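1. Mind looking at a prediction? Sequence and model below.
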Amino acid sequence: MIRHLLSAGDLSLEDATLVLDTADEMARLTEGRAVKKLPTLRGRTVVNLFFEDSTRTRTSFELAAKRLSADVVNFSAKGSSLSKGESLKDTALTLEAMGADGVVVRHSSSGAPYRLATSGWINACVVNAGDGTHEHPTQALLDAFTMRRHLGELAGKKIVIVGDVLHSRVARSNVLLLATLGAKVTLVAPPTLLPNGVDAWPCATSYDLDDALAGADAVMMLRVQNERMNAAFFPSAREYSRRYGLDSRRQALMPPEALVLHPGPMNRGMEITAEVADSARSVIVEQVTNGVYVRMAVLYLMLAGTNTTEEA
Amino acid sequence: MTPILIQNARVLGGDPQDILIDDGVIVALGAGLRPEGEHSSVDATGLIALPGLVDLHTHLREPGREDAETVETGTKAAARGGFTAVHAMANTDPVADTAGVVEQVWRLGREAGHADVRPVGAVTIGLKGERLAELGAMAESAAGVRVFSDDGLCVHDAQLMRRALEYVKAFDGVIAQHAQEPRLTEGAQMNEGELSGRLGLRGWPCVAEEAIVARDVLLAAHVGSRVHICHLSTKGSVEIVRLAKERGLPVTAEVTPHHLLLTDELVAGYDPRYKVNPPLRTAEDVAALREALADGTIDIVATDHAPHPVEAKDCEWDAAAFGMLGLETALSVVQHTMVDTGLLDWAGVADRLSFAPARIGRCDTGDVPHGRPVAAGEPANLTLVDPSTTTTIDPSTSASLSRNTPYEGMKLPGTVVATFLRGRPTHSITAGTTGGHA
Ligand SMILES: [Zn+2]
C-alpha cells in the first residue's frame, strides 16, 4: 500500500481494489452492530488538518478514525492567523512535534498535501481530503465503492460526470480512479468548464448531456457554484439548468437501473432537481454512509501495523 | 593602481591575446605584450574574455525588502556572475517613481562598488497604472534613467502605454513592458496547458502575453518610439517580434536564462522554486526562444534576478512568491543552452549579454559606459570565463541574500573566473594574479 494518499492516480488497480474490498469488510463489521468500534488503530493519532471548512468531510474522517479507535485531533486553521502562507509548514512542524501518525489535510491550495508529504516537514502519512481544484481521492473511492455495490465490478461500465469539471477536484480524482478500475468515463460540461488539456485525460468529453445519458450506468452530478456565473463561465443559472441540469425528463433518457450520484452539497434546482435527487435511483445519501467505510479502509491500510516512520 | 596584464585570453572566443589595463582603461591589446615597469599579470590561458556583462532586468529589492536583497549583496552577486552593470527594476518599496528614489539606488550602487547600478524608473506612479510618473525628472536626475518599466505589472491601459511611449522620446528613453494581460491571468499560477489542468492550478495562457506584445509593437510603430519587451516566454511572442522586426518596427526583446532551459513539467511536484512570472513554458517554447536568441529576433538575455526570502518559497505553491535568482548562473545557463548546443558563439554571447543590453539601456555612452568593444582606449570592463569547467549549483554559496535558485543541484558548465570594473577586480576566484614585470 502507498505511504501517502495524495492523488487517486497514485493507486494501482491492486491498491484501489484492496481499498474497496477493505471498505466492504469495514461495512460488514460495523453495519447493524450496536458497538461500531474496532480496536485496530488504538494508540495511533490521526489529525484532521482543515484549512478550509468542510463539516461533511471532516466529520466523515473523524468518525472513521474513531471507529478504528484512533485518537483524533481536529485542527481547524480556517479563519485563524494560520490561513495564510507559511502556516502550512509551521503547522506541520507542530503536528510532527505532537507525534501525529496520520494527517488528513484539506486545503484551498492545489498541491498543499503534496508539499506536506514531500517537503520533509513531517513524517506522518498524509491523506489528501481535498486540495484546491486538484483532487479529492477519498471522495472518488467512496463514489466507486457506492457504484460497485450496485453495479458490481466497474470494468466496462459507462459513467457520466456532469458539470463544473474545471474547478472540481471530485471530477479529477474520479476520472483517474475510474480509469484504473476500467470504467468508461464521459465528462459533460459547457466548453468553458472543461479544463485545458482534458483531451489527454483517460476519458471522453461531450458538450451534450442528452446524448451522453443514453446507456449510462451511473450519472454523477457536480456542484455548480453560483459565482461561476458572474465570471462568465455560463450566461445564467437558468440556461445552465436547461442544458446541464438533471431533471425527470433527462432521467427518463437513462437506462432504468442507472444510478444518480452527487458529492454534495447539492444546489437543488440548479444542477439537479429535488425530484431526481430524492428518486429511487439516487444513491446520494448512501454515498455519505459509504464515505465512512472507505475512509476507515484508507486509514486502516495506511496506519495499521506499519511503523509510519519507515517507508511502507 | 598598478597596471594589469591579462595574458592569453581568448577575446570574444577568438585567438589568445594579451590585454593590458592601466588606470581603468584597456591600453593595449595584442599577442605577446611585454609592458615596461611594475605590473601584475593574470594567466588567462584557456579563458574567454568578454566585455563586462550588462543586465537590463535585475531586482535589487532595496529600498523596502532588504531581507531579500540589498544593492550591496545584489551587485556582489552580479560581479560574481560576470556583470559590471545592472538595471535595477522599479518595483521597490517605495517604488522608484521619483528622481529621489532612483538617485538613492544609483548612489547605493556607487558606494558598494561591485557593479554600476542603472536604476529603472517606474512608468506610472506607484506602479498603479493610472498616472505617468515624472519620467523626465528621473531622466534628468543623477541616475540618468533611460529605461522605464512597471515590471511585475503590465502597463495594460492602451492609452497610457501610448502616452508613455510618446513621452520618453524627448530623452531617448525606452518603455520596458512586462507583457501580461491582467484579466486573462487573474489568479494564474503556472503555464496554461495540459499540466495546469491536471494539477488544478490556474493557467497563465500564452495569449495573455502575446496579445500585449502585439498591441505594444503596433503602438510603438504608431508613435515612432522604442518599446522593449521583457522576458519573452512563448513561441507566439517570438513570432510577433519577428514579424515586427521584418517590418522594421522599433522593438527589442529579452529572454531570461530560465526560459531558455526549464519547462513547465518541473511544476508537477508543486515545488515553488519553479514558480516564476511569466511561467515556465513548454519544450516547444524553449526551442523557439533559443532559436530566436540565436537569429537575433530576441536581442538580449536578461536575468530577471528576483530574490525572495526563504519563507516566501518554503510553503505551498499558491502562497509562494513568483521569481528566481539569476545573476550568478546566467552565463552558465547561456553556455549550456546556446554555446554548447552550437546555436551561438562567444562573440554572440558578448552581443546578447553586453553590447546589446547596454545599447538598449543607453548606457553604452556617457561618463561610465558599458557594453563597449574590447579594444584599446575602451574602459576596462571585462569578464573572464572558463568554459571547460562544470559546477554543481549550490545556493548556500551564493552572494545573494536569497537562496531561491531553480538550478540547485544541477550541473552547469562554465565558471566566471574574474570580473573587472574599470580595471578593478570586483570578483576573482584565481590565485593566478602574480606580481611581476617583464
Ligand atoms: Zn516582469
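-> Structure received.

2. Below-threshold pLDDT in chain A: ranges please.
-> Per-residue confidence for chain A (pLDDT under 70) gives these ranges: A:78-86, A:305-312.

3. Check the secondary structure at the residue sitting furthest away from the middle of it for me.
-> No residue in chain A sits farther from the centre than residue A:97, which is 29.1 Å out by C-alpha atoms, centre = their mean. Recorded secondary structure, residue A:97: helix (DSSP: H, G, I helix; E, B strand; the rest coil).

4. residues from the stretch 51-200 of chain B in reach of chain A?
-> Taking C-beta under 8 Å from any C-beta of the partner chain, the part of the stretch 51-200 of chain B that reaches chain A is made up of B:189, B:192-200. Quick note: C-beta positions are derived from backbone N, CA and C, even for glycine.

5. The helix or strand where residue A:92 lies and chain B, any residue contact?
-> Assigned by DSSP states H and E, residue A:92 falls within helix A:87-98. Yes. Using C-beta under 8 Å from any C-beta, a contact is recorded between helix A:87-98 and chain B, made by A:88-89.

6. what comes into contact with that helix?
-> The set of residues that contact helix A:87-98 without belonging to it, under C-beta atoms under 8 Å, 6 or more residues apart in numbering or on different chains, is A:45, A:47, A:49, A:51, A:73, A:75, A:77, A:81-82, A:103, A:107, A:112, A:115-116, A:119, A:121-124, B:314-316, B:319.

7. which helix is the longest one in the chain?
-> All of this refers to chain A. In chain A, taking DSSP state H as the definition, the longest helix is helix A:284-303.

8. try again with chain B
-> Residue-count comparison of every helix in chain B, with assignments taken from DSSP H, identifies helix B:206-223 as the longest.

9. List the buried residues of that one.
-> By 16 or more other C-beta atoms under 10 Å in any protein chain shown, the buried positions in helix B:206-223 come out as B:206, B:208-217, B:219-221, B:223.

10. nearest to residue A:26, of the residues of the stretch 51-200 of chain B next to chain A?
-> Distance to residue A:26, by C-beta to C-beta, is smallest for residue B:200 among these, at 29.1 Å.

11. Pull up the gap between the residue positioned nearest the centre of chain A and residue A:124, please.
-> Compute the mean C-alpha point of chain A, and by C-alpha atoms, centre = their mean the closest residue is residue A:139, 1.6 Å away. Residue A:139 sits 21 Å away from residue A:124, going by C-beta to C-beta, to the nearest Å.

12. again, but for residue B:353
-> When distance is defined by C-beta to C-beta, residue B:353 is 48 Å away from residue A:124.

13. before we move on, what about residue A:150?
-> Taking C-beta to C-beta as the measure, residue A:150 and residue A:124 are separated by 35 Å.

14. of the two, who's got more company?
-> With neighbours defined as other C-beta atoms under 10 Å in any protein chain shown, residue A:150 and residue A:124 compare such that residue A:124 has more, 29 against 14.

15. I'd say the more buried one and residue A:104 touch.
-> No. The pair residue A:124 and residue A:104 fails to qualify as a contact (C-beta atoms under 8 Å) at a distance of 9.9 Å.

16. quick one: the helices in the stretch 301-438 of chain B?
-> Secondary structure of the stretch 301-438 of chain B (DSSP state H, counting those that start in this stretch): helices at B:330-334, B:346-350, B:356-360.

17. What helices and strands are in contact with the last one?
-> What it means is helix B:356-360. Counting contacts by 3 or more C-beta pairs under 8 Å, 6 or more residues apart in numbering or on different chains; DSSP states H and E, helix B:356-360 is packed against strand B:53-58, strand B:251-255, strand B:300-301.

18. pLDDT on the next helix or strand along the chain from the second one, on average?
-> Going back to what we said before, that points to strand B:251-255. Sequence-wise, the next helix or strand beyond strand B:251-255 is helix B:257-261, with elements assigned using DSSP H and E. For helix B:257-261, the mean per-residue pLDDT is 98.

19. Please apply the same query to stretch B:76-94.
-> With pLDDT averaged residue by residue, stretch B:76-94 scores 98.

20. buried ones in it?
-> For stretch B:76-94, burial by neighbour count (16+ other C-beta under 10 Å) applies to B:76-92.

21. Tell me if that stretch is near the ion.
-> No. Applying C-beta under 5 Å from the ion, one finds stretch B:76-94 out of contact with the ion, separated by at least 7.8 Å.

22. Ends of that stretch, what's the gap?
-> The stretch stretch B:76-94 measures 23 Å between its terminal residues, going by C-alpha to C-alpha, to the nearest Å.

23. what sits in contact with each of residue A:124 and residue A:104?
-> residue A:47.

24. So which helix or strand of chain B has the lowest pLDDT on average?
-> Ranked by mean pLDDT, DSSP states H and E, the weakest helix or strand in chain B is strand B:433-436, scoring a mean of 38.

25. Number of residues surrounding residue 269?
-> Chain wasn't specified; assuming chain A. Using other C-beta under 10 Å, residue A:269 has 13 other residues around it.

26. was after chain B, sorry
-> Neighbours of residue B:269 under the rule other C-beta under 10 Å: 14.

27. quick one, what contacts it?
-> By C-beta under 8 Å, 6+ apart, the residues touching residue B:269 are A:114, A:118.

28. go on, residue B:420?
-> Contacts for residue B:420 were tallied using C-beta under 8 Å, 6+ apart; they are B:4, B:21, B:52, B:84, B:380-383, B:426.

29. which residue ranges form the strands in the stretch 301-438 of chain B?
-> Defined through DSSP state E, counting those that start in this stretch, the strands belonging to the stretch 301-438 of chain B, from first to last, are B:382-392, B:411-421, B:424-428, B:433-436.
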